[in-house]
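In: With the sequence up front, the predicted model follows.
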Amino acid sequence: MGADGPAARPEESGIALELLVHGVGGTTPEKMLDDPRTVRVTGDDTAAVFRRADDVDAETRPEAGRTGPVPEAYVWCNLTSGNGTRALWLLLLPFMVVNLAHWMRPGARGRRRTVRVYGLLVRLAGLTLTVLLVAAACEVALDLVAWQCAGTRACAESHSWLGFLSPDVSADGWWSRPGRRLALAALVPAALTGLLWYLSHRTWSAYESQRPMDHRAEPEEDNSRTALGRPGFWYGRRLVARLRAAHTAAGLLTIAAAVSSTATRFDHEPGGPALLDTLGRLLQAALVAAGVAVVWVVCRRGRSERHLDRELDEHLVRRLPLAALVLLVLAAVYAGWERPGWESHGRLSGDATFGGIAFVQGLLVIALAVVAHLLHRTHPEPRAAVRGLGGPAVATLACALGGVMSGGVSQRVADWLDGTGATVPGPPVLLTWQASVIPLVLIVLLGHCAWLGWRTWRSSRAQLGAVESDYPGEAKDAAYSRRIARTRAMAALTDRGPRLIGVTAASTLLLGAAALVGALTSHKTPGRAAEGAYAIVESAAETAQALGSWLIGLGFILFVTWGRRAYKDPSARRTIGILWDVGTFWPRAAHPFAPPCYAERAVPDLTWRMATWTRATRGRLVISGHSQGSVLAAAAAWQLEPSVRKRVALLTYGSPLERLYGRWFPAHFGPAALTALHHDVDCWRNLYRLTDPIGGPVRLPGDCGPEVDRAPLRDPLSYGRSDLHPLPAPILGHSDYQADPAFAQERARLLARLQPDLPGPRSQGESGRSSA
């Protein structure tokens with residue numbers, strides 16, 4: 001047995017293989033193959049291909065007596081949910097969401113510069129999220145703990161572990177100087193930045209460093225080829241390394257600025273130390289220059305997809321973070337220098353910092369919306385989510401998530417340090433304003449959800465007749481019919497998801513802008529800013545502030561609790577794994593600290609397996625993908641050479657290829673790309689149910705549609721009791737497609753269309769002529 005499974009003689013033909021790819025949540029090879037005895041034929045503990053024990057040497061035995069294809073199971077669930085520590089990636093959710101926005105751009109024809117501008121804006125938005133996260137850590141460690149609490153006698157006395165930092169409690173000890181307190185507290189955000197670098201580097205070595213099968217790029221003059229078929233699409237090693245260096249440097253520079261800025265302002269005051277003033281100006285200039293270098297690195301051209309980019313920019317990857325670290329050390333030394341008369345009072349410059357970040361993020365989101373609209377208008381897709389504005393909407397939500405998490409951490413730490421709010425000023429005013437608009441956003445969401453509920457109820461009633469007509473000749477049960485109709489109506493809510501995302505993003509952007517204006521103009525919390533106004537206005541402001549603070553704290557606690565539970569509870573970890581299966585399919589093109597892209601391992605695995613098996617056996621191959629597995633199957637088929645792709649049949653069921661990916665990622669899974677895939681593979685069939693909230697029809701235009709989509713499968717299989725189904729049949733929804741007889745029928749049709757005695761792969765010259 002070789003590395004690619006059982007050995008086979010090239011002259012053998014007629015063997016058929018069904019390569020099964022599971023969907024979200026994962027499963028076991030025993031369940032996929034319906035056999036307790038399975039053998040791993042290739043792969044490792046992370047992802048592998050399995051066969052039944054009786055089929056290990058199927059290629060070397062005559063085909064006589066076999067009634068169907070040899071089943072193989074590709075199990076990839078450990079790529080996303082196999083380890084309890086994966087739940088910690090929840091803390092990086094904003095990074096994952098903004099990375100999704102990069103891939104949600106509308107399709108474009110002949111607008112390469114505009115496409116590059118779109119990618120640039122998303123990468124810059126991702127950079128602001130890194131700065132926001134590190135700034136939140138600085139707010140907690142430097143401002144709330146080291147500056148405010150340690151500088152206030154009452155707060156320091158109530159937290160004895162801060163005594164050595166307090167000038168009153170420690171009798172002006174060495175560490176009690178304001179600059180030294182800030183320098184010591186900077187270890188917390190520095191450790192966080194180092195942890196992010198470590199996680200990104202470790203996963204980069206495991207995922208982005210997996211080389212896909214090398215093949216020549218296909219011509220794209222017809223504009224129907226998706227980028228997923230390019231040789232370097234699933235090999236983002238160079239870009240992730242470059243972005244990791246830039247984001248790590250940005251985090252360290254943010255800490256350096258937070259440590260040194262207060263000391264610089266003190267030195268700039270009249271009568272301040274001249275030498276320290278000069279050194280402070282030089283340090284600030286160096287920080288600005290380093291910041292410009294970071295932005296330049298992020299703004300450089302993004303991914304190289306038309307070939308395998310094996311370069312690494314080693315000097316940049318090493319020197320940029322190192323230079324930022326040196327500046328951080330210099331900033332700590334500068335801030336820790338003795339300055340007579342320097343005392344801590346009030347807050348650090350958190351309002352200006354968080355206000356500037358929010359303002360830049362708002363500008364980036366608006367610019368992104370303009371670019372996305374231009375791209376969508378060039379070639380509008382009727383079913384594109386949010387009319388082509390899905391990327392800007394999701395980027396807005398990523399920024400909002402970052403703000404909520406920052407505010408939640410700051411508010412909870414402030415409450416822990418000073419529950420009464422009488423001894424320390426607390427977090428920046430802007431964070432309080434942002435928390436105060438959360439109840440308003442929830443009101444908008446609840447109103448929209450109520451409208452969706454009413455529409456779902458009407459849809460459920462309207463489908464009663466269709467449900468009963470699907471089961472003619474059977475005694476009707478009104479309650480059971482309502483249950484089936486309700487399941488169908490609930491499944492249809494997926495198609496209304498874009499409206500919900502659009503409403504949420506628009507309300508978040510508008511209310512976030514109002515919060516920014518309110519904080520910068522009043523410099524007070526909403527409750528204090530409303531003092532002296534009408535009683536109803538003052539009461540509403542105080543209620544929104546209190547409720548927002550409670551909600552943001554509750555949300556943060558639930559977030560941490562969910563992650564901790566997922567670490568200990570395998571069932572909860574499985575649920576989080578489902579979220580990751582959808583969110584981490586795409587490469588890290590916009591943010592290096594996002595959770596890793598499992599498809600950069602899974603797609604090359606499938607491509608290698610299909611290519612080597614068909615080349616060795618010249619047999620018939622059906623790749624059978626369920627749910628997210630169908631997306632992996634399509635991506636792997638795009639990576640095959642055209643001559644090999646024509647010898648493969650595709651069977652998808654419960655597939656989100658069009659319903660989710662085609663709508664939200666139209667540039668990569670739009671109608672043109674899916675139609676090209678249908679023409680490139682030998683044949684393709686798709687199965688779906690009206691009760692499935694995830695899978696749906698592929699909806700190819702013209703005559704291609706009926707060739708791919710089978711009519712919706714009945715669910716349940718039987719309405720009542722019958723000779724074939726003596727017990728009540730369950731409503732299956734998204735699961736157990738193989739239990740439907742239609743599955744075996746369609747698989748047999750695909751195998752019958754594939755020729756059993758196929759020629760070997762064409763030569764490079766012939767393949768090149770056929771691809772031209």
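Out: Looks like it arrived, so ask away.
In: Low-confidence stretches in this structure?
Out: Counting by pLDDT under 70, the chain shows low-confidence ranges at 1-14, 62-66, 81-89, 215-224, 302-303, 419-421, 560, 563-580, 705, 755-772.
In: what ranges do the strands span in the chain?
Out: 16-21, 38-43, 48-52, 70-75, 620-626, 648-653, 683-687 (DSSP state E).
In: same for the fourth one, what does it pack against?
Out: Judged by 3 or more C-beta pairs under 8 Å, 6 or more residues apart in numbering; DSSP states H and E, strand 70-75 is in contact with strand 16-21, helix 29-33, strand 48-52, helix 599-617. Where you see a C-beta, it was placed from the backbone N, CA and C, and this is true even at glycine.
In: What residues of the second one count as buried?
Out: Residues of helix 29-33 classed as buried under the neighbour-count rule (16 or more other C-beta atoms under 10 Å) are 29, 32-33.
In: which residues sit against it?
Out: With contact meaning C-beta atoms under 8 Å, 6 or more residues apart in numbering, helix 29-33 is reached by 20, 22, 36, 38, 40, 50-52, 71, 73, 75.
In: ok, Ile694 - contacts?
Out: Going by C-beta under 8 Å, 6+ apart, Ile694 touches 24, 494, 627, 654, 656, 659-660, 734.
In: doesn't Ser260 make contact with Asn335?
Out: Careful, residue 335 is Ala; it's not Asn. Yes - under the criterion of C-beta atoms under 8 Å, Ala335 makes contact with Ser260 at 5.4 Å.
In: Pick out the most distant pair among the contacts of helix 29-33.
Out: Across these, the longest distance by C-beta to C-beta is 17.4 Å; it joins His22 and Pro36.
In: any idea how far Thr612 is from the residue nearest to Gly518 when sequence neighbours are not counted?
Out: If the residues on either side of it in the chain are set aside, Gly518 comes closest to Trp433, at 5.3 Å by C-beta to C-beta, 6 or more residues apart in numbering. As defined by C-beta to C-beta, to the nearest Å, Trp433 lies at a distance of 59 Å from Thr612.
In: These two: which has the busier surroundings?
Out: Remark: of Trp433 and Thr612, Trp433 carries more neighbours, 30 against 17, as counted by other C-beta atoms under 10 Å.
In: hang on, isn't the more buried one packed against Gly527?
Out: No - applying C-beta under 8 Å, one finds Trp433 not in contact with Gly527, separated by 10.6 Å.
In: Which residues lie in contact with Asp605 in this structure?
Out: Going by C-beta under 8 Å, 6+ apart, Asp605 touches 43, 47, 49, 74, 76.
In: Check the offset of stretch 545-556 from the chain's centre.
Out: Stretch 545-556 sits 25 Å away from the centroid of its parent chain (C-alpha atoms, centre = their mean, to the nearest Å).
In: With only the CA atoms kept, save that stretch in PDB.
Out: The C-alpha trace of stretch 545-556 is given here as PDB (Å, rounded to 0.1, in the frame of the first residue of the first chain):
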ATOM      1  CA  GLN A 545     -26.800  53.800  30.100                       C
ATOM      2  CA  ALA A 546     -27.600  51.400  32.900                       C
ATOM      3  CA  LEU A 547     -29.200  48.800  30.700                       C
ATOM      4  CA  GLY A 548     -26.400  49.100  28.100                       C
ATOM      5  CA  SER A 549     -23.800  48.600  30.800                       C
ATOM      6  CA  TRP A 550     -25.700  45.600  32.200                       C
ATOM      7  CA  LEU A 551     -26.100  44.100  28.700                       C
ATOM      8  CA  ILE A 552     -22.500  44.600  27.600                       C
ATOM      9  CA  GLY A 553     -21.300  43.000  30.900                       C
ATOM     10  CA  LEU A 554     -23.800  40.100  30.600                       C
ATOM     11  CA  GLY A 555     -22.700  39.500  27.000                       C
ATOM     12  CA  PHE A 556     -19.100  39.400  27.900                       C
END
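In: so who does Gln284 touch?
Out: By C-beta under 8 Å, 6+ apart, the contact set of Gln284 is 260-261, 264.
In: any idea how far it lies from Gly291?
Out: Taking C-beta to C-beta, one finds Gln284 at 10 Å from Gly291.
In: of the contacts of helix 29-33, closest to Ala667?
Out: For these, the closest approach to Ala667 (C-beta to C-beta) belongs to His22, at 26.8 Å.
In: If we ignore the residues flanking it in sequence, what's nearest the closest one?
Out: Nearest in space to His22, with sequence neighbours left out and distances taken as C-beta to C-beta, 6+ apart, is Gly629 at 5.2 Å.
In: number of nearby residues for the one you found?
Out: Around Gly629 there are 27 other residues, counting by other C-beta under 10 Å.
In: I figured it hits Val21, correct?
Out: Yes - between Gly629 and Val21 there is a contact under C-beta under 8 Å: 3.4 Å.
In: Now do the shared contacts for these two.
Out: Tyr74.
In: what are the ranges of the helices in the stretch 651-772 of the chain?
Out: In the stretch 651-772 of the chain, the helices defined using DSSP state H, counting those that start in this stretch lie at 663-664, 666-669, 671-680, 704-708, 741-753, 764-771.
In: Those into CSV, with extra columns for distance to Tyr688 and mean neighbour count?
Out: Formatted as CSV, the helices of the stretch 651-772 of the chain follow (distance: least, C-beta to C-beta, whole Å; neighbours: other C-beta atoms under 10 Å):
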stretch, distance to Tyr688, mean neighbour count
helix 663-664, 15, 23
helix 666-669, 16, 24
helix 671-680, 14, 20
helix 704-708, 11, 16
helix 741-753, 11, 16
helix 764-771, 32, 12
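In: and of those, who's closest to Arg112?
Out: Here helix 666-669 is closest among the helices of the stretch 651-772 of the chain (C-beta to C-beta), at 12.2 Å.
In: got the contact list for the closest one?
Out: 103, 105-108, 226-228, 381, 384, 388, 634, 657-658, 661-662.
In: Pro498: which of those is nearest?
Out: Ala384 (8.6 Å).
In: I'd like to know how far the closest residue to that closest one other than its chain neighbours sits from Arg265.
Out: Nearest non-adjacent residue to Ala384, counting by C-beta to C-beta, 6+ apart: Pro666, 4.6 Å away. Counting by C-beta to C-beta, the separation of Pro666 from Arg265 is 49 Å.
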